[in-house]
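[1] Sequence and computational prediction follow.
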Amino acid sequence: MIAVKTCGKLYWAGEYAILEPGQFALIKAIPIYMRAEIAFSDSYRIYSDMFDFAVDLTPNPAYSLIQETIALVEDFLTYRGQTLRPFSLEIRGKMEREGKKFGLGSSGSVVVLVVKALLALYHLSIDQDLLFKLASAVLLKRGDNGSMGDLACIVAEDLVLYQSFDRQKVAAWLEEENLATVLERDWDFSISQVQPALECDFLVGWTKEVAVSSDMVQQIKQNIDQNFLSSSKVTVATLVEALEQGKAEKIIEQVEKASQLLEGLSTDIYTPSLRELKMASQGLQAVAKSSGAGGGDCGIALSFDAQSTETLKNRWANLGIELLYQERIGHDDKS
């Protein structure tokens with residue numbers, strides 16, 4: 001039995017702009033995991049704890065994302081000269097509570113998880129970029145309207161600066177050419193790790209409101225204009241620079257700017273709960289904003305002193321916002 005896992009993710013900045021090619025987003029891996037166990041077997045059996053039944057490879061609407069991932073990876077394995085054999089795959093770790101998802105990118109996680117599980121089963125190791133391409137190809141073939149930023153962060157398992165590629169162009173390649181050819185092409189994306197040069201607390205607040213990201217994207221993407229795109233790109237680049245230089249005031253200023261850009265894009269992004277989550281950082285050495293598509297799910301905060309962290313946590317608790325995750329950033333984990 002081989003075990004693999006994938007993390008969740010949350011956006012710090014660059015939401016919506018990242019849907020356009022060549023844009024930047026800053027995205028943080030969250031160590032809330034989805035896990036898989038896989039082994040060769042006499043027949044195909046796929047089970048996810050999202051459902052109360054297992055399937056084989058016969059198409060099933062509930063399992064379509066997992067089955068389509070398997071189909072694409074098996075295509076890749078065949079190209080790599082592997083002889084395919086049936087297997088048993090179990091997936092656990094719903095990124096939700098009481099039937100409400102957190103918004104940590106669980107569909108991206110499950111795709112990367114299945115790709116990793118199959119590659120591990122066949123003892124095939126590939127680099128991060130190829131893993132990203134395989135996972136992206138699954139979603140592009142499905143007509144997914146996301147930026148693939150989730151996948152970039154989930155394959156890197158870090159705080160990453162992601163620069164997006166032209167998804168329409170790659171989707172067209174996938175329709176016209178075989179998978180191997182498309183994977184060998186230059187997609188023109190980049191995934192790079194960002195290392196903050198100062199210590200701060202990173203907090204995730206869960207509103208318990210469920211947002212459907214694909215619906216939010218569909219509604220809001222027509223509001224995106226050139227002014228929004230250029231402002232967002234500069235803001236993300238400046239934020240990364242501020243983090244790498246360890247300048248707290250500049251970080252607060254740029255996260256605030258990223259937040260204002262989202263507010264200006266659509267009034268639907270900040271629900272009353274997300275607005276409260278954000279306002280709770282006022283008067284503190286801290287900054288909070290909506291994360292991802294908005295309309296619910298989670299918000300994030302960065303806090304630069306212990307008192308601000310405590311005050312913010314208390315304010316969130318009083319508002320009914322659940323502290324889903326907290327991490328000390330910028331210190332050396334290995335010490």
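    In hand now; what should we look at? Because the structure is a prediction, the values reported are computed rather than measured.
[2] Mind pulling up the pLDDT for K100?
    K100 is assigned a predicted lDDT (pLDDT) of 74.
[3] does it have beta-bridge partners, and which?
    For K100, the beta-bridge partners are R97 (DSSP bridges).
[4] Helices along the stretch 51-200 of the chain, start to end?
    64-79, 106-121, 128-141, 149-156, 167-176, 179-184 (DSSP state H, counting those that start in this stretch).
[5] Would you mark the buried spots in the first one?
    Applying a neighbour-count criterion of 16 or more other CB atoms under 10 Å, the buried positions in helix 64-79 are 65-70, 72-73, 75-77. For glycine as for every other residue, the C-beta is placed from the backbone atoms N, C-alpha and C.
[6] Once you drop chain neighbours, what's closest to V55?
    Nearest non-adjacent residue to V55, counting by CB to CB, 6 or more residues apart in numbering: Y63, 4.9 Å away.
[7] for that neighbour, what are its contacts?
    By CB atoms under 8 Å, 6 or more residues apart in numbering, the contact set of Y63 is 46, 48, 51, 55.
[8] so who does the nearest residue to the third one once chain neighbours are set aside touch?
    To tie it back to what came earlier, the one meant is F51. Ranked by CB to CB, 6+ apart and with sequence neighbours excluded, the top spatial neighbour of F51 is A62, at 5.3 Å. By CB under 8 Å, 6+ apart, the contact list for A62 reads 50-51, 53, 55.
[9] Same question for W187.
    W187 sits in contact with 133, 136, 165, 170, where contact means CB under 8 Å, 6+ apart.
[10] Out of these, who's the most crowded?
    Within the contacts of W187, most neighbours by other CB atoms under 10 Å means S136, with 28 neighbours.
[11] Quick check: phi and psi on I32?
    Reported as degrees, to the nearest 10, the phi and psi values for I32 are phi -110, psi 120.
[12] Near R142, how many other residues are there?
    When counting by other CB under 10 Å, one arrives at 15 neighbours for R142.
[13] Nearest spatial neighbour of it, chain-adjacent residues omitted?
    E68 is the one closest to R142 (CB to CB, 6+ apart), at 6.3 Å.
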